[in-house]
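Peer 1: Sharing a model prediction with you, sequence too.
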Amino acid sequence: MLHQFPLPDVGEGLTEAEIVSWRVAEGDVVEVNTVLVEIETAKSIVELPSPYAGRVERLLVQEGTEVEVGTPIIEIDDGEPDAAPAPAAGSEAPHTEPDEGATPATLVGYGAADDAPVRRRRRPRTTMRPPGPAAPAAEAGPRAKPPVRRYAAEQGVDLAEVDGTGPEGTITRDDVDRHRAAGATSGATRRVPVRGVRRATAEHMVRSTSTHVHVWEWVTLDVTETMTLVERIRARREFADVRVTPTLLVARAVCLALRRHPELNASWDDARQEIVLHGEVNLGLAAATPRGLVVPVVRGAGDMDLLALAREAQRLVGVARDGRLQPADQAGGTFTVTNVGVFGVDGGTPVINGDESAILCMGAIERRPWVVGEGPDERVEPRWVTTLTLGFDHRNIDGEQGSRFLADVAGLLRDPALALLG
């Protein structure tokens, strides 16, 4: 019995995904839960398991192709006889195509289950397949490995125009770079497809700027005491296996300040015309990855101590940079912290993430001359200085609320000992 099933929705209302890498080939024997394929959605790379044991008959979509949810991607023959009655002796079995109205089975753990398989006559192993729109992946398109295909797409390079120098004409990353260099030399215009994370980010930014009433405030402050604390924490034994950075201390200060200013940990419910004050701080940490900007969410960050926050943040950011962040890891955020300082930038005007009401942007931490002391003790010293920018939704957060929150965060970073008073 032949089972054909479609690309499933793996969460977050997925409408399409790219076939990154097939883990099986036609003719392979697979078990239930054998990983069949790796797909790239707008938010993550996901491995899809097989719901059946059997033999792979056809790969219906080639690597590097973007397909809509519901598109059949693979056929597996489970080796069982078809449910149709056997033909009379001497007669030829009719060829039975799938019912147009039937819903194919989905992959294990994704989408709606349907136990009714697509049935068609089993083909003899030696019979050539008739031509059709679904050519096997291995027989079509330029020869290139999935990472090279992704790289070429990111660079706006059409692999069909690239000469491959690898084994059997396989296109390598160096081939893509040489093709790009040749185009740059001749002044050729390039077009870069907007897909995956880049497209999702663009859509989210358009939605955010069209719904939120953005206001920004910023403060430049002396964070020398925070930098000293970072070094002290790094020297502690319990923090030996985690990366301690100034961003971690900023995230912790944000969590502490949100306890005193819960109106910043909120969202606007337009349908009900209500402000939703969230009881838990789910802290988003914007991270630059090879696939683009993603925001993993540390759930329950407000209830974590510094060590727990450091470990979970490190884990999530690591998963994000490996391209393995799942949709659930990016959902449900209530406040976001972003750091443009890692790029040597003094500050910026961040766009509020998703349905949240505020975002804090951290700029570069640099040594600058700074006035310290008062009266006769006033003097200029080199200090560690940064700029924090708070972006907030003016529909539900007014200037006083935003200003008090930003001043609270700044105060905790100027003098971390103030956390003991909270």
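Peer 2: Yep, that arrived.

Peer 1: Endpoint to endpoint, stretch 322-337 covers what distance?
Peer 2: Stretch 322-337 has an end-to-end distance of 20 Å (criterion: Cα to Cα, to the nearest Å).

Peer 1: swap in stretch 154-169?
Peer 2: Across stretch 154-169, first to last residue, Cα to Cα, it's 21 Å.

Peer 1: Only the buried residues of it, if you could.
Peer 2: 154, 157, 159, 162, 164 (16 or more other Cβ atoms under 10 Å). For glycine as for every other residue, the C-beta is placed from the backbone atoms N, C-alpha and C.

Peer 1: From the chain's centroid, how far away is it?
Peer 2: Relative to its chain's centre, stretch 154-169 lies at 26 Å (Cα atoms, centre = their mean, to the nearest Å).

Peer 1: Tell me, please, where in the chain the pLDDT is lower than the cut-off.
Peer 2: Of all residues in the chain, those with pLDDT under 70 make up the ranges 11-13, 42-43, 82-141, 146, 184-188, 422.

Peer 1: Same list, the buried residues of stretch 154-169, but as TSV with secondary structure please.
Peer 2: Shown next, in TSV, are these (DSSP: H, G, I helix; E, B strand; the rest coil):
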residue	secondary structure
154	helix
157	coil
159	helix
162	coil
164	coil
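
Peer 1: Of the residues you listed, which pair is most distant in space?
Peer 2: Pairwise distances across those peak at 18.3 Å for 154 and 164 (criterion: Cβ to Cβ).

Peer 1: one step back: closest to residue 198 among the buried residues of stretch 154-169?
Peer 2: Relative to residue 198, the closest of the buried residues of stretch 154-169 is residue 154; by Cβ to Cβ it sits at 8.4 Å.

Peer 1: Compute the distance between that closest one and residue 269, please.
Peer 2: Using Cβ to Cβ, to the nearest Å, residue 154 is found at 37 Å from residue 269.

Peer 1: Strand partners (parallel or antiparallel) of the lengthiest strand in the chain?
Peer 2: When the chain is scanned for its longest strand (criterion: DSSP state E), the result is strand 379-393. Sheet pairing here is set by DSSP bridges, and for strand 379-393 it gives strand 214-222 (antiparallel), strand 358-362 (antiparallel), strand 366-372 (antiparallel).

Peer 1: Report the buried residues of stretch 281-289.
Peer 2: So for stretch 281-289, counting by 16+ other Cβ under 10 Å, buried means 281-289.

Peer 1: What of stretch 316-329?
Peer 2: So for stretch 316-329, counting by 16+ other Cβ under 10 Å, buried means 316-317, 319-321, 323, 325-327, 329.

Peer 1: got a list of contacts for it?
Peer 2: 10-12, 14, 40-41, 43-46, 285, 287, 289-291, 294, 296-298 (Cβ atoms under 8 Å, 6 or more residues apart in numbering).

Peer 1: what distance separates the start and the end of it?
Peer 2: Length of stretch 316-329, first residue to last, Cα to Cα: 8 Å.

Peer 1: same deal with stretch 313-330?
Peer 2: With Cα to Cα as the measure, stretch 313-330 spans 13 Å from end to end.

Peer 1: go on, stretch 296-304?
Peer 2: End residues of stretch 296-304 are separated by 16 Å (Cα to Cα).

Peer 1: buried residues in that stretch?
Peer 2: Those would be 296-299, 301-302, 304, for stretch 296-304 by 16+ other Cβ under 10 Å.

Peer 1: same thing with stretch 268-277?
Peer 2: So for stretch 268-277, counting by 16+ other Cβ under 10 Å, buried means residue 268.

Peer 1: Now flag whichever of the buried residues of stretch 154-169 is closest to residue 62.
Peer 2: Closest to residue 62 out of the buried residues of stretch 154-169 is residue 159 (11.6 Å), distances taken as Cβ to Cβ.

Peer 1: so how many other residues sit close to the residue lying closest to residue 161 once chain neighbours are set aside?
Peer 2: Excluding the flanking residues, the one nearest residue 161 by Cβ to Cβ, 6 or more residues apart in numbering is residue 179, at 6.8 Å. Residue 179 has 20 neighbours, counted by other Cβ atoms under 10 Å.

Peer 1: Could you check how far residue 179 is from residue 235?
Peer 2: Applying Cβ to Cβ to residue 179 and residue 235 gives a distance of 49 Å.

Peer 1: again with residue 260
Peer 2: From residue 260 to residue 235 the distance is 30 Å (Cβ to Cβ).

Peer 1: sorry, back to before: now the buried residues of stretch 316-329 in JSON lines, with distance to residue 226?
Peer 2: Putting the buried residues of stretch 316-329 into JSON lines (distance: Cβ to Cβ, whole Å) gives the following:
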{"residue": "316", "distance to residue 226": "22"}
{"residue": "317", "distance to residue 226": "20"}
{"residue": "319", "distance to residue 226": "27"}
{"residue": "320", "distance to residue 226": "25"}
{"residue": "321", "distance to residue 226": "25"}
{"residue": "323", "distance to residue 226": "32"}
{"residue": "325", "distance to residue 226": "28"}
{"residue": "326", "distance to residue 226": "33"}
{"residue": "327", "distance to residue 226": "34"}
{"residue": "329", "distance to residue 226": "28"}
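
Peer 1: Would you reformat those residues as CSV and include secondary structure and distance to residue 74?
Peer 2: Shown next, in CSV, are these (DSSP: H, G, I helix; E, B strand; the rest coil; distance: Cβ to Cβ, whole Å):
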residue, secondary structure, distance to residue 74
316, helix, 31
317, helix, 33
319, helix, 27
320, helix, 28
321, helix, 29
323, coil, 22
325, coil, 25
326, coil, 22
327, helix, 22
329, helix, 26
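
Peer 1: From those residues, pick the one nearest residue 193.
Peer 2: Nearest to residue 193, judged by Cβ to Cβ, of those is residue 323 at 17.5 Å.

Peer 1: Residue 408 is in contact with residue 260, correct?
Peer 2: Yes. Applying Cβ atoms under 8 Å, one finds residue 260 in contact with residue 408, separated by 6.2 Å.

Peer 1: Which one's more surrounded, the two?
Peer 2: Neighbour count, other Cβ under 10 Å: between residue 260 and residue 408, residue 408 has more, with 21 against 11.

Peer 1: OK, contacts around the closest residue in space to that one that isn't next to it in sequence?
Peer 2: Excluding the flanking residues, the one nearest residue 408 by Cβ to Cβ, 6+ apart is residue 257, at 4.2 Å. Residues in contact with residue 257 (Cβ under 8 Å, 6+ apart) are 264, 405, 408-409, 412.

Peer 1: same thing but at 10 Å, please
Peer 2: Going by Cβ atoms under 10 Å, 6 or more residues apart in numbering, residue 257 touches 264-265, 335, 360, 404-412, 419, 422.
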